[in-house]
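J.: pasting a predicted model and its sequence here:
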Protein chains: 2
Amino acid sequence: MGLIVQKFGGSSVANAERVMNVARIVTETYRQGNDVVVVVSAQGDTTDDLIAKAHEINEKPSKRELDMLMTSGEQISIALLSMAIEKLGCPAVSLLGWQAGFNTSSSYGSARIKSIKADRLKAEVDRHNIVVVAGFQGINKYDDLTTLGRGGSDTSAVAIAAAMHADRCQIFTDVEGVFTADPRKVPGAQKLQEITYDEMLELATLGAQVLNNRSVEMAKKYNVELEVLSSLKRVPGTIVKEVAKMEKMLVRGVTKDTDVARISITNIPNIPGIAFKLFSKLAQARINVDIILQSVGRDGTKDISFTVSKENAEGAIEAIHKTFDIDDKDIICDKNVAKISIVGAGMETHPGTASKMFEALFEHDINIDMIATSEIKISVLIDAKDADRAVSAVHKAFLPEE
Amino acid sequence: MGLIVQKFGGSSVANAERVMNVARIVTETYRQGNDVVVVVSAQGDTTDDLIAKAHEINEKPSKRELDMLMTSGEQISIALLSMAIEKLGCPAVSLLGWQAGFNTSSSYGSARIKSIKADRLKAEVDRHNIVVVAGFQGINKYDDLTTLGRGGSDTSAVAIAAAMHADRCQIFTDVEGVFTADPRKVPGAQKLQEITYDEMLELATLGAQVLNNRSVEMAKKYNVELEVLSSLKRVPGTIVKEVAKMEKMLVRGVTKDTDVARISITNIPNIPGIAFKLFSKLAQARINVDIILQSVGRDGTKDISFTVSKENAEGAIEAIHKTFDIDDKDIICDKNVAKISIVGAGMETHPGTASKMFEALFEHDINIDMIATSEIKISVLIDAKDADRAVSAVHKAFLPEE
């Protein structure tokens, strides 16, 4: 018994049948004596359909008008889900982002939530209504509609949970929870019962596309207990919270990220400030750099290698040319790489972890190109062709099937 | 040069090509030096599609949620039209009903405009934006979205024109203007250059489906000059205003209405209050009565005949049974009737008008069942099978081809 926020993505409400499925989950939660606020995204392909409609008329529509168009998608979902809930005999009221009090920054297409004025939300919950809120949207100081950008509906749900001090925020997806590795690819992958915010953040960053990072960060900041679970199978999911039970395992998961390009520059004069100049130029170009490796090369020159996402590779090379007077032959860009990582909170205090990972890779004849470590993860860069074998090998070493 | 409000219906914005056509009309008006506010409905079949989606989930959705669903239709139109205007190089800003300041009554599905807070509209016009407003919708005192009911977008346009003291309100449709008769059926039908509000109201009521009545009433009340014109052919339409030029003709139009049922009751005791009781019972049942005819029957009894719309025929018969203890055989309901009317402001002062109409019908051997007259119209009820012949005959008598 308490206040539960439930979030359902676009595929969960893609058609009438699925909307009814969601309504059943919501009304069951309500009938168990809980107050329920539901956050939904636009139905299935609606967003793509709307963008196609826009582009038919104007390839470069203004962002304000694009947001005006896009926000109609969730409006349709919340109305339909409310009708479905009413059909099942429970009282429902749908609220648009602005009606639910979502005040955002002004940047159309990628607005950030500034505050939630939860009066209306609270009033509707007090009236024992199931409140169905349009995710992904809000209103800026000009009284204009905005969208929150990628993964926005997760963030909407967490923000409501934080503003209303909800007992739990359930994120329903098409997977059963957070796994130690991709269960479709790694046979021994296990579902985690619990995981910490930090671990979840690392896993999300590393390519386990379960939860949007901004939503996990917000959940951590406001201490909102998250649960990731399936909208199709009625089984417990994975709880994300500050302190998680350890479940015997040190390593929480093994991830693979293939959206990586490695860029190496050789023969840089070994004088101070070189790295600073390069990476500030990259930051100016809004290019996120992940792993960085610097070494002394031949003849007192330096080598610098770093990784960026594939789409940023060309931009990074441009930035290098702007920074150094350098030959093309001294820049190597390799897109056939993958980053394999292990994540786990207690890792830093277990010195053998890194070597155990390297050993597993060595035993499978997989060459390590770069290494990066943080408090709760160890990442290695390897050949893309070895990626799946590497995940399996590392997973087997740390998380053997029971 | 001035402020012009332009309204486009759903078929005018049904697809990308038509949206661009509307954008061309709007930007031409703007480039001629006018301020322009545009009101649009939902695209073509959107409303029907949304209703179908709702009914797939719940055959009897709440009206609040239905309005939440429906209002997304105009939201899509205004965004797309604004993008089209931007594409043509003019500045545009779309506004939802609530953003444009439409405060309405609370009755979902058939709300009435209570006031327009035009601050935002004025500010956008002052910024030289073409303002694209969602018709058919507003917001009630609970901050919930409402729709205005049938013909709502016309009313939205007139209300904006009234609130902003616009110089003209142009209603774009798929016809070129108001005609003396249905041009598809009556060869000599002529387009009127001007017509008064009252004449337009009678014509609309009588089945010339060009303008919604509520919008004409509002235009009359606030003295908004209307123009009905085609969104496809660029020719002048018909102006609707307080005093119209007479254009030589006394009769403005001939109309046909086949959505009529005649109900006759015979053998009612001839005592006072009978008509009062019957028609108040019908009013309670929210049945609009059109023509009423009462005569003394045989043996000191009364006969009462009246007309209602076809869908109200059964309800009217029920109301009769609730009022009188009467035999079924004394109630006659005839749905095979049609009402033919002539409309024209100066008619009452021209005594020969009625007899000229009756003569035209007599010459074509068409029997008149009932007659009703008002200051600006004369209506007759005839057999439905004679309706088209009757319109042609009467039209020829009053409005001969030039």
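T.: Received the coordinates, thanks.

J.: quick one: the one helix or strand residue A:254 maps to to chain centroid distance?
T.: Assessed by DSSP states H and E, residue A:254 sits inside strand A:253-257. Here strand A:253-257 shows a centroid-to-chain-centroid distance of 14 Å under the convention CA atoms, centre = their mean, to the nearest Å.

J.: quick one: strands adjacent to that strand?
T.: strand A:337-343 (antiparallel) (DSSP bridges).

J.: quick one: contacts of the partner strand?
T.: Residues from elsewhere that reach strand A:337-343, judged by CB atoms under 8 Å, 6 or more residues apart in numbering or on different chains: A:199, A:202-203, A:206-207, A:251-258, A:260-262, A:290-291, A:307, A:353, A:357, A:361, A:369, A:376-384, A:386-387, A:390-391, A:394, A:398. From N, CA and C alone the C-beta is placed, and that goes for glycine too.

J.: likewise for stretch A:213-221?
T.: The contact list for stretch A:213-221 (CB under 8 Å, 6+ apart) reads A:151, A:154-155, A:157-159, A:161-162, A:169, A:171, A:197-198, A:200-201, A:204-205, A:224-226, A:240, A:242.

J.: narrow those residues to those in strands?
T.: Counting by DSSP state E, the part of the contacts of stretch A:213-221 found in strands is A:169, A:171, A:226, A:240.

J.: after the worst-scoring helix or strand of chain A on mean pLDDT, which helix or strand is next?
T.: Lowest on mean pLDDT, DSSP states H and E among the helices and strands of chain A sits strand A:292-296, with a mean of 77. Using DSSP H and E, the next helix or strand after strand A:292-296 towards the C-terminus is strand A:301-308.

J.: how near is the most centrally placed residue in chain A to chain B?
T.: Central residue of chain A (CA atoms, centre = their mean): residue A:212, 2.6 Å from the mean position. According to CB to the nearest CB, to the nearest Å, residue A:212 and chain B sit 25 Å apart.

J.: doesn't residue A:158 make contact with that residue?
T.: No: judged on CB atoms under 8 Å, residue A:212 makes no contact with residue A:158 at a distance of 9.1 Å.

J.: how about stretch A:49-60: buried residues?
T.: By neighbour count on 16 or more other CB atoms under 10 Å in any protein chain shown, the buried set for stretch A:49-60 is A:50, A:53, A:54, A:56, A:57, A:58.

J.: now, those residues that are in helices?
T.: A:50, A:53, A:54, A:56, A:57 (DSSP state H).

J.: which residues does the second one contact?
T.: So the one you mean is residue A:53. Taking CB under 8 Å, 6+ apart as the criterion, residue A:53 is in contact with A:69, B:16, B:76, B:80.

J.: which is the next helix or strand following the strand holding residue A:254?
T.: By DSSP H and E, the next helix or strand past strand A:253-257 is strand A:261-269.

J.: buried set for that following strand?
T.: A:261, A:262, A:263, A:264, A:265, A:266, A:267, A:268.

J.: can you check stretch A:225-245 too?
T.: So, applying 16+ other CB under 10 Å, buried residues of stretch A:225-245: A:226-232, A:237-241, A:244.

J.: now swap in stretch A:70-82 and tell me
T.: Neighbour counts over stretch A:70-82 (16+ other CB under 10 Å) mark A:70-82 as buried.

J.: kindly report the same for stretch A:330-343.
T.: So stretch A:330-343, judged by 16+ other CB under 10 Å, has buried residues A:331, A:334, A:337, A:338, A:339, A:340, A:341, A:342, A:343.

J.: up against chain B, what does the stretch 1-150 of chain A have?
T.: Contact residues (CB under 8 Å from any CB of the partner chain) of the stretch 1-150 of chain A with chain B: A:16, A:19-20, A:50, A:53-54, A:56-58, A:61-62, A:64-66, A:68-69, A:71-72, A:75-76, A:78-80, A:82-84, A:86-87, A:92-94, A:96, A:99, A:120, A:143-145.

J.: now with 6 Å?
T.: A:16, A:19, A:54, A:56-58, A:61-62, A:65, A:68-69, A:72, A:75-76, A:79-80, A:82-84, A:86-87, A:94 (CB under 6 Å from any CB of the partner chain).
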